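S.K.: Provided below for reference: sequence and predicted model.
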Protein chains: 2
Amino acid sequence: MKDTKKQTQLSEIGEFGLISRLTENIELKNASSLKGIGDDAAVLSYPDKKIVVTTDLLTEGIHFNLMYVPLKHLGYKAVVVNLSDVFAMNATPRQITVSIAISSKFSIEAVEELYSGIHLACEKYGVDLIGGDTTSSLTGMTISITAIGEANADELVYRSGAKVTDLVCVSGDLGGAYMGLQLLERENEVFKVNPNQKPQFEGYDYILERQLKPEARGDIRELLKTLNIKPTSMIDISDGLSSETLHLCKASKVGCSIYEEKIPLDKQTKDFAEELSINPLVAALNGGEDYELLFTVPLASYDVIKKEFDITIIGHITPESEGANLITSGGSVIPLQAQGWNPLMNKGE
Amino acid sequence: MKDTKKQTQLSEIGEFGLISRLTENIELKNASSLKGIGDDAAVLSYPDKKIVVTTDLLTEGIHFNLMYVPLKHLGYKAVVVNLSDVFAMNATPRQITVSIAISSKFSIEAVEELYSGIHLACEKYGVDLIGGDTTSSLTGMTISITAIGEANADELVYRSGAKVTDLVCVSGDLGGAYMGLQLLERENEVFKVNPNQKPQFEGYDYILERQLKPEARGDIRELLKTLNIKPTSMIDISDGLSSETLHLCKASKVGCSIYEEKIPLDKQTKDFAEELSINPLVAALNGGEDYELLFTVPLASYDVIKKEFDITIIGHITPESEGANLITSGGSVIPLQAQGWNPLMNKGE
């Protein structure tokens, strides 16, 4: 929000006026999107496919802090976190609905900025915005997004299919989003003390982007398809590797061994963790918001998977009786614990 | 919430514990609900049908006031308002997702009370709860529900199909929900002054129920099917008859004449309006939250429709150039105005 721009109060144009402004340029791209915004409901057509549906609710002060998250990034990220869940089903996202509740402190321009990020994500992932709700709240902003995707029945991948000896794989690298958040929070504290001091982000563009503009790993779905590998189980990493691994093991009724030294960490993640005297592994295991994919593949895929630059084999599936464990570099066996980011416990007022 | 019951703080069981408690007894009833809660996304199967999707976001202090809305009723109503949109497409609701954000002032028992209402509505309307998100907010409660329904392609009814000479019909009666809200607000004011005085609800059970426990008119969809009448256009009345009529006329590019004396009002609506010296017609036209269906049918259906006790013909469609008008009992022609309940203007802080 630039102060030089004219800011229009929401009350000047009302709900229907706002909806018109936010949705007037929407063009539906997917053949399955028969009818988008403008009726009591959107209409979809999926003659031969299975449909997947996922939803997330983000609240100000818990999931995002408008002190240091630009609205455009927030809109983009709110879409991405939902698409990530669709990709984690090995499905292709096609539609989203977006509902927002905003207090009157927000101007129309601010809401348009949020929507510009939403539209950008829709554009990038080829997803249609087909409906939603725009309303007010007494305090703060809430964003609720539901994503709808499609897959052939034989393509779908659940959390529950991991088998003993399967390889545990992860896309990209982990812990970056958490370290990016630490960076933003540090600079915000500095800003509070001295508003004239410029934030020190140099050299940390990658972890900043991991936090502010994460991407959903639809490319991994495509890559695995190309490699002719169908994961036996899959989940997206929104709450940290520990928590997601435990979800996957519980649903599949298996155990696992994850090797500390195999967990992929970016150099910036490690550097900034060192600067703050944090173990970067903690960021990977319990930090969350990386939106990488955690999945298992049959052992027979080893030779193919290990060649892939963007996929790391971090362990293997064991019998349930052995539990889900982290094997440290020193060879210690530590049970994984769900210390994932828990919005009901950690940050609630 | 009874004070005698033990109240458990949300932080004691965390997000996953809460989700388990809220969802452990869910059984999927619809064949199209392949996979519900427990993975990254729910999975639906609709081989030969069109799917409709609608979503609503409700915020504390704007859409509901926990001072006088019991949580169970709130849960029920939050579902119903979404199902009403599905019925307004002439479709059958099949699944919902429910996301809630709650501040730590709520106990688990309070959230379970809310969910008991959600489950009751699911039971009553044969709808499956297939997913959602449970998270915290810094202040207040937010509920976001997405409903998914199905219809054959030739059954769907949009807002845009009304033709000149079509009859304008409405189900049930109007204005009751608004008068029920006035009653609740009056008694709440009395309570604030004297907490020992019992609320005076006698004789007003109907308008109270219209406000607290509205129903979605799936029965009207069934009735019309039985009568072999397919509406040419349809919308549900969430914002008041004026606003919805204008939506329908705009989408259909037509005008209409609505006759004041034909607008169905219940006796309790009229009685309480008189008590408060309010014109009950204002409650019907601009009050909102009645969740009745407003629809148009071909003139040829007149003889069949007029026999139906629960459907009232309130006017007819005219050319667009004539505008959307209310014809008063005295014969005056007054353009309808969208003074509907606007959450961004009326009640925002």
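M.R.: That came through, no problem.
S.K.: residue boundaries of the helices in the stretch 1-150 of chain A?
M.R.: Secondary structure of the stretch 1-150 of chain A (DSSP state H, counting those that start in this stretch): helices at A:10-23, A:71-87, A:108-125.
S.K.: let's have these in CSV, adding distance to chain B.
M.R.: C-beta: built from backbone N, CA, C; applies to glycine. Supplementary listing: those in CSV, determined by distance: least, Cβ to the nearest Cβ, whole Å:
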stretch, distance to chain B
helix A:10-23, 4
helix A:71-87, 4
helix A:108-125, 10
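S.K.: between those, which gets nearest to residue B:214?
M.R.: Closest to residue B:214 of the helices of the stretch 1-150 of chain A is helix A:10-23 (Cβ to Cβ; 20.3 Å).
S.K.: need the nearest residue in space to the residue nearest in space to the middle of chain A, chain neighbours excluded.
M.R.: Nearest to the mean C-alpha position of chain A, by Cα atoms, centre = their mean, lies residue A:81 at 3.2 Å. Sequence neighbours aside, residue A:56 is the residue nearest to residue A:81 in space, at 5.5 Å (criterion: Cβ to Cβ, 6 or more residues apart in numbering or on different chains).
S.K.: same question, residue A:205
M.R.: Among residues not flanking residue A:205 along the chain, residue A:268 sits closest, at 7.9 Å (Cβ to Cβ, 6+ apart).
S.K.: hmm, residue A:201 and the one you found touching each other?
M.R.: No. Residue A:268 lies out of contact with residue A:201 (Cβ atoms under 8 Å); the separation is 10.9 Å.
S.K.: who has more neighbours, these two?
M.R.: Taking neighbours as other Cβ atoms under 10 Å in any protein chain shown, residue A:268 and residue A:201 compare with residue A:268 leading, 23 against 13.
S.K.: ok, now which ones touch the more buried one?
M.R.: Residues near residue A:268 by Cβ atoms under 8 Å, 6 or more residues apart in numbering or on different chains: A:176, A:179, A:203-207.
S.K.: residues touching the residue lying closest to residue A:253 once chain neighbours are set aside, list them.
M.R.: Using Cβ to Cβ, 6+ apart and skipping the chain neighbours, the partner closest in space to residue A:253 is residue A:320 (5.2 Å). For residue A:320, the contact set (Cβ under 8 Å, 6+ apart) comprises A:249, A:253-255.
S.K.: and if you look at residue A:70?
M.R.: Contact partners of residue A:70, counting by Cβ under 8 Å, 6+ apart, are A:113, A:212.
S.K.: again, but for residue A:251
M.R.: Residue A:251 makes contact with A:158-160, A:233, B:38-39 under the criterion Cβ under 8 Å, 6+ apart.
S.K.: quick one, grab the pLDDT at it.
M.R.: On the pLDDT scale, residue A:251 is placed at 95.
S.K.: what would whichever strand or helix holds it look like as CSV? C-alpha coordinates only.
M.R.: Using DSSP states H and E, residue A:251 falls within helix A:241-252. Extracted in CSV, the C-alpha atoms of helix A:241-252 (Å, rounded to 0.1, in the frame of the first residue of the first chain):
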residue,chain,number,x,y,z
LEU,A,241,9.0,-33.1,8.3
SER,A,242,8.4,-34.8,11.7
SER,A,243,4.7,-34.2,11.8
GLU,A,244,4.1,-35.2,8.2
THR,A,245,6.3,-38.3,8.4
LEU,A,246,4.2,-39.4,11.4
HIS,A,247,1.0,-38.7,9.6
LEU,A,248,2.1,-40.9,6.7
CYS,A,249,3.4,-43.7,8.9
LYS,A,250,0.2,-43.7,11.0
ALA,A,251,-2.1,-43.8,7.9
SER,A,252,0.1,-46.5,6.3
